[in-house]
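Peer 1: Sequence and computational prediction follow.
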Amino acid sequence: MNRKRLPKYVSEFTDRHGKVRVRFRRKGQESHYFQSVPWTPEFMQEYQACLDREAAPAIQPGINRTKAGTFNALIASYYGSPEFKGLRPSTQTTYRGIIERFREKHGDKRVAAIERKHVKAIIGGMHETPAAANNLLDRLKALMTLAIDLGMRKDDPTLRMRGYGRTGEGFHTWTEEEIAAFEVRHPLGSKARLALALMLYTGQRRSDAVTMGWQHVAGSRITVKQQKTDARLEIPMHPTLVAVMAATPRDNMTFLSTAYGKPFTAAGFGNWFRDRCNEAGLVQCSAHGLRKAAARRLAEAGCTNQQIKAITGHKTDREVSRYTAAADQVRLAEQAMAATYGMEAEQNLANQTERLDNSVSNSLKNKGA
């Protein structure tokens, strides 16, 4: 382990199993145990998330004095459970946001009193935000499972309950015109242009883009270990990405950093990139939409699902299909129609050959007569 002095609020110790652990401890916040080696880009991202109270949330006064049997008590138990503690910091932050909004309205209610009709009413009342409703339903299912384990309930009122069907396309997929507009506004050498190229030519999530650095480049490839899935990918670097990287100042180990020279958090980067999109007049575009644009480009180039998954890291064909839904319909239609042209040409040639053969045959018969 690197013995360089650790950052503020960070310490290391040996646990009872003899394993060296690195921990973030700050008054008023929960402790966080690092998953990465100190001073690596991944570690610095975790550390920044702790400082931002994402990976190490603020301690809520009185959380241990909540009334037994209420959702407040159940949620407190869930936050301390292996199921929650084993999640990645970014996922914990997302889940907390969903659960805390539910707790504000229903935290003092008894878990044993909630019925299926109540859950349906809560989810049904969120019809204007179906994605948020589905996310809440997923968290309620997790809470109900824990409630049964803890003896707070004997049944699960959310069992086999379904949320809203997917009716939208999710994040907007960047078009080629939008990509060009962003490049005009943010020229070569700018951090914004580098951010665009990193996501567009590697097809990675923003959480992975912020950890990429020069140490991940080997020859003509860039190595990515995805934060969400732990998948390790070796991606050939597109010539355009190489050109953009060459035109960008090499000031830090990570490609992208804040104005203070520190690694971005995923959320912080998303907000920063949102501003860069707005500067280009692309209010409908986002960082995640570039991942979808990368998949779209691969689909339009005729790549198979397996080839696309080798770049994006998706596990299933269904996931790829969601991301390539915006593939250029006009271009694909032209390709399909071109295939029919070829079939028609072959058929016309066959018909012409048959007519010529018939003509020659009839001519010979007439001469014989």
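Peer 2: In hand now; what should we look at?
Peer 1: I'd say Lys292 and Thr175 touch.
Peer 2: No: using C-beta atoms under 8 Å as the test, Lys292 is too far from Thr175 to be in contact (10.9 Å). Placement of C-beta: from N, CA and C, glycine included.
Peer 1: These two - which one has more neighbours?
Peer 2: When neighbours are counted by other C-beta atoms under 10 Å, Lys292 and Thr175 differ, and Lys292 comes out ahead with 23 against 17.
Peer 1: for this protein, what spans make up the strands?
Peer 2: Under the criterion DSSP state E, strands of the chain are mapped to 10-14, 20-24, 32-33, 217-218, 221-225, 232-236.
Peer 1: So, low pLDDT: which residues of the stretch 251-369 of the chain?
Peer 2: 326-331, 342-369 (pLDDT under 70).
Peer 1: Do a quick rundown of the helices in it.
Peer 2: Along the stretch 251-369 of the chain, counting by DSSP state H, counting those that start in this stretch, helices occupy 266-279, 287-300, 305-312, 317-323, 329-368.
Peer 1: how near is the residue most central in space within the chain to Ile123?
Peer 2: Residue closest to the average C-alpha location in the chain (C-alpha atoms, centre = their mean): Arg205, at 4.8 Å. Distance of Arg205 to Ile123, given as C-beta to C-beta, to the nearest Å: 28 Å.
Peer 1: Then Ala333?
Peer 2: Plainly put, Ala333 is 39 Å away from Ile123 if you go by C-beta to C-beta.
Peer 1: Which of the two has more residues huddled nearby?
Peer 2: Ile123 (21 against 10).
Peer 1: What sits closest to that one if chain neighbours are left out?
Peer 2: Distances taken as C-beta to C-beta, 6 or more residues apart in numbering put Ala133 closest to Ile123, at 5.0 Å, once the chain neighbours are dropped.
Peer 1: Tell me if I'm right that that neighbour and Gly165 touch.
Peer 2: No: applying C-beta under 8 Å as the test, Ala133 and Gly165 come out as separate, 11.4 Å apart.
Peer 1: more crowded one of the two?
Peer 2: Between Ala133 and Gly165, counted using other C-beta under 10 Å, the more crowded position is Ala133 (18 against 7).
Peer 1: Model confidence for the more buried one, exactly?
Peer 2: With respect to pLDDT, Ala133 has a value of 91.
Peer 1: again with Glu104
Peer 2: 91.
Peer 1: How many neighbouring residues does it have?
Peer 2: When neighbours are counted by other C-beta under 10 Å, Glu104 registers 8.
Peer 1: now the one 5 residues further on
Peer 2: For Lys109, the number of neighbouring residues by other C-beta under 10 Å comes to 15.
Peer 1: go on, the one 3 residues further on?
Peer 2: For Ala112, the tally of surrounding residues (other C-beta under 10 Å) stands at 13.
Peer 1: okay, it: pLDDT?
Peer 2: Ala112 is assigned 94 on the pLDDT scale.
Peer 1: Could you do the one 4 residues further on as well?
Peer 2: Predicted confidence (pLDDT) for Arg116: 94.
Peer 1: for the one 4 residues further on, same thing?
Peer 2: On the pLDDT scale, Lys120 is placed at 93.
Peer 1: Now do the contacts for the closest residue to it other than its chain neighbours.
Peer 2: Nearest residue to Lys120 in three dimensions, chain neighbours excluded: Met161, at 7.3 Å (C-beta to C-beta, 6+ apart). Taking C-beta atoms under 8 Å, 6 or more residues apart in numbering, we find Met161 in contact with 116, 119-120, 123, 137, 141.
Peer 1: What of Arg53?
Peer 2: By C-beta under 8 Å, 6+ apart, the contact set of Arg53 is Gln29.
Peer 1: Contacts made by stretch 286-304 with the rest, please.
Peer 2: 170-175, 179, 195-196, 199-206, 209, 269-270, 273-274, 277, 307-308, 311-312, 320, 323-324, 326-328, 331-332.
Peer 1: which among these end up buried?
Peer 2: For the contacts of stretch 286-304, a neighbour count by 16 or more other C-beta atoms under 10 Å gives the buried set as 171-175, 179, 195-196, 199-206, 209, 269-270, 273, 277, 308, 311-312, 320, 323-324, 326-327.
Peer 1: Make sure Ala181 is actually in contact with Cys285.
Peer 2: No: the pair Ala181 / Cys285 is not scored as a contact, 9.1 Å apart, by C-beta under 8 Å.
Peer 1: These two - which one has more neighbours?
Peer 2: Cys285 (26 against 17).
Peer 1: returning to what we had before: could you find which two of the contacts of Met161 are furthest from each other?
Peer 2: Greatest spatial distance in these: Lys120 and Lys141, 13.4 Å, computed using C-beta to C-beta.
Peer 1: buried subset of the contacts of Met161?
Peer 2: Among these, those scoring as buried are 119, 123, 137, 141 (criterion: 16+ other C-beta under 10 Å).
Peer 1: Any regions of the stretch 101-250 of the chain where pLDDT drops low?
Peer 2: In the stretch 101-250 of the chain (pLDDT under 70), the answer is 166-169.
Peer 1: Okay, helices next: where are they in it?
Peer 2: 116-124, 130-149, 176-185, 191-202, 206-209, 239-246.
Peer 1: Show me the one of those helices that comes nearest Thr258.
Peer 2: Across these, closest to Thr258 is helix 191-202 (C-beta to C-beta), at 9.9 Å.
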